[in-house]
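Participant: Turn this into a model:
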Amino acid sequence: MRGKSIKSGWSLLWLLGLGLLTACGGTYSPVSGAQGQEEQTLRLSIDGDPAVLDSAGTVNDQAMTVLNQVQEGLMRLNQDNKPEPALAEANPKVSADKRTYLFQLREAKWSDGKPVTAQDFVYAWRRALQTDSRQVHGLDLVNNAKAVREGEASPSELGVQALGKRTLKVVLDKPSSQFLTAVAMPPFLPQRADIVKKYGNRYATSPDTMVTCGPFQVERWKSERELVLKKSDTYWDRSRVRLGRVEMSINTEVSEQVRRYHANRLDIARLDYHFAEAYKEARQFISFTRDRVDQIQFNLDNDFLGDKNIRQAMAQSVDREELVNHVRKDGSLPAGGVVPPKVWTRDQPSFKEKSGAPRMMDPGQAGKSLKEGMKELGLKKVPAMELLVTEDRKEAALFLQEQWRMILGFPVNIRPVAPQQFLERMEKGDFDMALTEPIVQLNDPYAYLEDYRFDGDAGNSGWNREEFNEKLQRAAEDKGSKRIQELREAEKLLVEKEAAVIPLFCPTDGYLQKARVKNFDRHPFGPEYTLKETYLTGSEK
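Facilitator: Sure thing, here's the model as predicted:
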């Protein structure tokens, strides 16, 4: 999710009136090199409360990013978004058939001083598969994971085994080039059984109900207000951690973030598209496109939306070019599918190379599709529907509401909610339509499409098409160009033939970032950023 959009233009006009568009803010007392440790405090804002930092359960964007700072897995993403050894001493030994991985763990410690063991990984992976979370499907790479998740095998049959305190053996269901990237993601993080059992449902909801093994620890957490991290004095690689503290304000209005930024009370301010448009020429402006697609997902248990022609009519009524150029105005790109344009594959640079342009608006065909759908349903009047959104997507939702009203005569009510409530309602299937941005943890087109299988993560949309599932199954077994073709055909079936989802745009995030912030590594997938090697220089210039 992104920062909240302002409710009027007055805050922006006020800032413009102060001549802050190109301002650099105040300066810090120059020192040579990085600031001293006592001064190494990074201040930023996150646009939602993490709610819970349990890596084995359902986590929102904010929780995933915080977990990346306070916990650590076998691998972590480096500045080039490639997996590198973390709690693993080195890259694992891999069997000739590429299914068995042998990891040797470092002599690492939890924040309470106890050693991190191979059994901590075994426990966490088994536990994750016994939760109700749809976000743990990445574990399906491990042998028998799906059977354990579906109750057809016991957790002890999962393909992970502790061979002593510091040796972990993992057997995959089939060879996967994405496995080492996957183990850097939340479902693969270790957990302490004694701590989880001690706190039960309260586990990882406060600094006192969790232990961590990453570069930072949670020092203070005031729900919906602030989250403060401190450098961990038990982290195995603490000599490379240069920040002493990270102060995160939660749910701060964008206009307030900008004010704090210019008052030197924030080092990084996240901008909505209003402010991104205004600040795009400022020298401290940064834009970053993550590999995600904002889209409309349908609850197909809704009789009206379960009709393919109704969904086609809605898809044909959306002007994506107008949406990105005149509503967002931040460099976002119109989306032609659920796989972002920059996602690569093992076999060629871009999956989208031959996937075609975004679907064009067609009001005439939309009217025909609507007429056919109403006839099939035996309806003369369109029922009222609700569009579930987060606050930061409200203006895009208003644009869609108006397009559907003008072209189709649809009555659509917009229901903005907080990020965690949005996630919970999506998990439960408590929605008609939702403007959502699915979290995908791997840079592979299969991961983006797998969400829409009948047992996938895509918001309990009710999607279940045998042909689509078969294409994904063949893609999982095939290699090279045949695999790519199966995936492209699956996406076309999902988006064009069935209109089971309406891709809208690939969002671009805008930021103001102080020049003194160094090594702030942003990631296009998975956690938003890594702070392990971030540091601050002494001068703003």
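Participant: three-state assignment of Gln104?
Facilitator: strand (DSSP: H, G, I helix; E, B strand; the rest coil).
Participant: Could you pull up the contacting residues of it?
Facilitator: Residues near Gln104 by CB atoms under 8 Å, 6 or more residues apart in numbering: Ala88, Glu89, Ala90, Pro92, Arg166, Thr167. C-beta coordinates here come from the backbone N, C-alpha and C atoms, glycine included.
Participant: Turn the residues you listed into JSON lines, columns for pLDDT, secondary structure and distance to Lys280.
Facilitator: Shown next, in JSON lines, are the contacts of Gln104 (pLDDT from 0 to 100; DSSP: H, G, I helix; E, B strand; the rest coil; distance: CB to CB, whole Å):
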{"residue": "Ala88", "pLDDT": "99", "secondary structure": "strand", "distance to Lys280": "41"}
{"residue": "Glu89", "pLDDT": "98", "secondary structure": "coil", "distance to Lys280": "45"}
{"residue": "Ala90", "pLDDT": "98", "secondary structure": "coil", "distance to Lys280": "43"}
{"residue": "Pro92", "pLDDT": "98", "secondary structure": "coil", "distance to Lys280": "44"}
{"residue": "Arg166", "pLDDT": "98", "secondary structure": "coil", "distance to Lys280": "50"}
{"residue": "Thr167", "pLDDT": "99", "secondary structure": "strand", "distance to Lys280": "51"}
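Participant: which among those end up buried?
Facilitator: Ala88, Pro92, Arg166 (16 or more other CB atoms under 10 Å).
Participant: Ala418: which of these is nearest?
Facilitator: Ala88 (36.8 Å; CB to CB).
Participant: The closest one pairs with what?
Facilitator: Leu105 (DSSP bridges).
Participant: any idea where the helices of the stretch 1-150 of the chain begin and end?
Facilitator: For the stretch 1-150 of the chain, the helices defined by DSSP state H, counting those that start in this stretch occupy 10-17, 61-70, 118-128, 145-149.
Participant: among these, which is nearest Arg474?
Facilitator: Per CB to CB, nearest to Arg474 of the helices of the stretch 1-150 of the chain: helix 145-149, 17.2 Å.
Participant: From Gln401, how far out is the residue minimising distance to the centre of the chain?
Facilitator: Central residue of the chain (CA atoms, centre = their mean): Ile439, 3.5 Å from the mean position. As judged by CB to CB, to the nearest Å, Ile439 and Gln401 stand 25 Å apart.
Participant: Could you list the low-pLDDT ranges of the stretch 101-250 of the chain?
Facilitator: When residues are selected by pLDDT under 70, none of them lie in the stretch 101-250 of the chain.
Participant: what secondary structure does Arg483 sit in?
Facilitator: Strictly by three-state DSSP, Arg483 counts as helix.
Participant: Near the residue nearest to it when sequence neighbours are not counted, how many other residues are there?
Facilitator: Counting by CB to CB, 6 or more residues apart in numbering, Ala475 is the residue found nearest to Arg483 once chain neighbours are left out, at 5.0 Å. Residues lying near Ala475 (other CB atoms under 10 Å) number 22.
Participant: Now whichever strand or helix holds Ala475 - C-alpha only, CSV.
Facilitator: If you go by DSSP states H and E, Ala475 is part of helix 466-477. Output in CSV follows, covering the C-alpha atoms of helix 466-477 (Å, rounded to 0.1, in the frame of the first residue of the first chain):
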residue,chain,number,x,y,z
GLU,A,466,-9.7,-26.1,-15.2
GLU,A,467,-8.0,-24.9,-18.4
PHE,A,468,-6.2,-22.2,-16.5
ASN,A,469,-5.0,-24.6,-13.8
GLU,A,470,-3.9,-27.1,-16.4
LYS,A,471,-1.8,-24.5,-18.2
LEU,A,472,-0.1,-23.5,-15.0
GLN,A,473,0.5,-27.2,-14.2
ARG,A,474,2.2,-27.7,-17.6
ALA,A,475,4.2,-24.6,-17.1
ALA,A,476,5.5,-25.9,-13.8
GLU,A,477,6.7,-29.0,-15.5
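Participant: That one: how far from the chain's middle?
Facilitator: Between the centre of helix 466-477 and the centre of its chain there are 24 Å (CA atoms, centre = their mean, to the nearest Å).
Participant: Identify the residues contacting the closest residue to Leu377 other than its chain neighbours.
Facilitator: Nearest residue to Leu377, sequence neighbours excluded (CB to CB, 6+ apart): Asp307, at 5.7 Å. Taking CB under 8 Å, 6+ apart, we find Asp307 in contact with Gly373, Glu376, Leu377.
Participant: Tell me, how many residues neighbour Lys514?
Facilitator: 22.
Participant: How about the one 4 residues further on?
Facilitator: Using other CB under 10 Å, Lys518 is surrounded by 13 other residues.
Participant: Just want to check the distance between it and Leu105.
Facilitator: 30 Å.
Participant: so what's Leu398 closest to, chain neighbours aside?
Facilitator: Ile414 (6.8 Å).
Participant: Give me the residues contacting the host helix or strand of the one you found.
Facilitator: Following DSSP H and E, one finds Ile414 within strand 412-417. Applying CB under 8 Å, 6+ apart, the contact partners of strand 412-417 are 384-391, 394, 397-398, 400-401, 404-405, 425, 433.
Participant: For that strand, list every residue counted as buried.
Facilitator: Neighbour count says strand 412-417 has Val412, Arg415, Pro416 buried, by 16+ other CB under 10 Å.
Participant: in this structure, which helix or strand is least confident?
Facilitator: helix 10-17 (a mean of 41; mean pLDDT, DSSP states H and E).
Participant: Any buried residues in stretch 323-343, and which?
Facilitator: For stretch 323-343, by 16+ other CB under 10 Å, it's 323-324, 327-328, 330-343.
Participant: Can you identify the element that follows the strand holding Ile414 toward the C-terminus?
Facilitator: By DSSP H and E, the next helix or strand past strand 412-417 is helix 419-428.
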